[in-house]
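*Asks:* Quick one: sequence plus predicted model below, questions after.
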Amino acid sequence: QKEVEQNSGPLSVPEGAIASLNCTYSDRGSQSFFWYRQYSGKSPELIMFIYSNGDKEDGRFTAQLNKASQYVSLLIRDSQPSDSATYLCAVDRSSNTGKLIFGQGTTLQVKP
Amino acid sequence: DTAVSQTPKYLVTQMGNDKSIKCEQNLGHDTMYWYKQDSKKFLKIMFSYNNKELIINETVPNRFSPKSPDKAHLNLHINSLELGDSAVYFCASSQDVGRGYTFGSGTRLTVV
């Protein structure tokens, strides 16, 4: 079992729809959770981080964390073609080391 | 000003050669990292330095040797390059790991 798992996709949604990206992790002691966006040929850029169970909203993005079920998700409202990218989920198992474990990423395609 | 800069951006070299990748950050962060992203976009940590001290050393062939002359610089030297070393290498830095990393633009290494 991989430490951090994502469906590689591609996930295709029409413009204006809600895109839902999911991630599960194996280490129940994981502390912090991150979503990065990576455009083709570019470096990952941080979208959001979340520590506590529940929802965290930032603009069109909402991160959801459920530690009991060991999953974290990212919702993108009013999806735009510019949101088309690979979304990487990352988990910090211990806040002391800073070692992020990444999932393999989900490719999102937003069609006009 | 670029926050985390890597040089070179592209590197094509023959098997058996030795090469170096340089990384500099002007964010004042204490911790720097090297990650390798393979052809399937899977990001895996290699090394981490905190204020010039090695704190993470993953299972990486000893042909890879990091060096941090000061906390703003983290270089990666690779000896006897192999075909399997072909990947994109990302440098990253963080001050508070709980808030994620800032990645450099990456170095695409191709070994022929």
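*Replies:* Nice, thanks for sending it over.

*Asks:* Now do the closest residue to B:Leu27 other than its chain neighbours against chain A, distance only.
*Replies:* Excluding its sequence neighbours, the residue lying closest to B:Leu27 (C-beta to C-beta, 6 or more residues apart in numbering or on different chains) is B:Ala3, at 5.2 Å. Quick note: C-beta positions are derived from backbone N, CA and C, even for glycine. In this structure, B:Ala3 lies at 11 Å from chain A, with C-beta to the nearest C-beta, to the nearest Å as the measure.

*Asks:* how many neighbours does B:Ala3 have?
*Replies:* The criterion is other C-beta atoms under 10 Å in any protein chain shown. On that basis, B:Ala3 has 13 neighbouring residues.

*Asks:* these two touch, right, it and B:Phe103?
*Replies:* No: with contact taken as C-beta atoms under 8 Å, B:Ala3 and B:Phe103 are classed as non-touching, separated by 9.2 Å.

*Asks:* ok, the closest residue to chain B within chain A - how many residues close by?
*Replies:* Residue of chain A nearest chain B, by C-beta to the nearest C-beta: A:Gly98 (3.4 Å). Burial of A:Gly98, expressed as a neighbour count using other C-beta under 10 Å, amounts to 24.

*Asks:* again with A:Lys42
*Replies:* When neighbours are defined as other C-beta under 10 Å, A:Lys42 has 13 of them.

*Asks:* Ok, the one 3 residues further on next?
*Replies:* Using other C-beta under 10 Å, the number of residues around A:Glu45 comes to 15.

*Asks:* and it, what does it touch?
*Replies:* A:Tyr36, A:Arg37, A:Gln38, B:Phe103 (C-beta atoms under 8 Å, 6 or more residues apart in numbering or on different chains).

*Asks:* what bridges to it?
*Replies:* Beta-bridge partners for A:Glu45, by DSSP bridges, are A:Arg37.

*Asks:* middle-most residue in chain B, spatially?
*Replies:* Ranked by distance to the mean C-alpha position of chain B (C-alpha atoms, centre = their mean), the top residue is B:Trp34 at 3.3 Å.

*Asks:* circling back to that earlier point, and the contacts of A:Glu45, which two are the farthest apart?
*Replies:* A:Arg37 and B:Phe103 (11.2 Å; C-beta to C-beta).

*Asks:* how close does the residue in chain B that chain A sits nearest to sit to A:Thr106?
*Replies:* With C-beta to the nearest C-beta, the shortest gap between chain B and chain A falls at B:Val97, namely 3.4 Å. To A:Thr106, B:Val97 is 23 Å away according to C-beta to C-beta, to the nearest Å.

*Asks:* Tell me the residues of chain A that contact chain B?
*Replies:* Taking C-beta under 8 Å from any C-beta of the partner chain as the criterion, chain A approaches chain B at residues A:31-32, A:34, A:36, A:38, A:42-46, A:49, A:51, A:86, A:88, A:90, A:92, A:95, A:97-102, A:104-105.

*Asks:* do that again at 6 Å, thanks
*Replies:* A:Ser32, A:Phe34, A:Ser43, A:Pro44, A:Leu46, A:Phe49, A:Ser95, A:Gly98, A:Lys99, A:Phe102, A:Gln104, A:Gly105 (C-beta under 6 Å from any C-beta of the partner chain).

*Asks:* Can you add secondary structure and pLDDT and give those back as CSV?
*Replies:* Listed next are those as CSV, based on DSSP: H, G, I helix; E, B strand; the rest coil; pLDDT from 0 to 100:
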residue, secondary structure, pLDDT
A:Ser32, strand, 90
A:Phe34, strand, 95
A:Ser43, coil, 96
A:Pro44, coil, 96
A:Leu46, strand, 94
A:Phe49, strand, 93
A:Ser95, coil, 56
A:Gly98, coil, 76
A:Lys99, coil, 86
A:Phe102, strand, 95
A:Gln104, coil, 94
A:Gly105, coil, 95
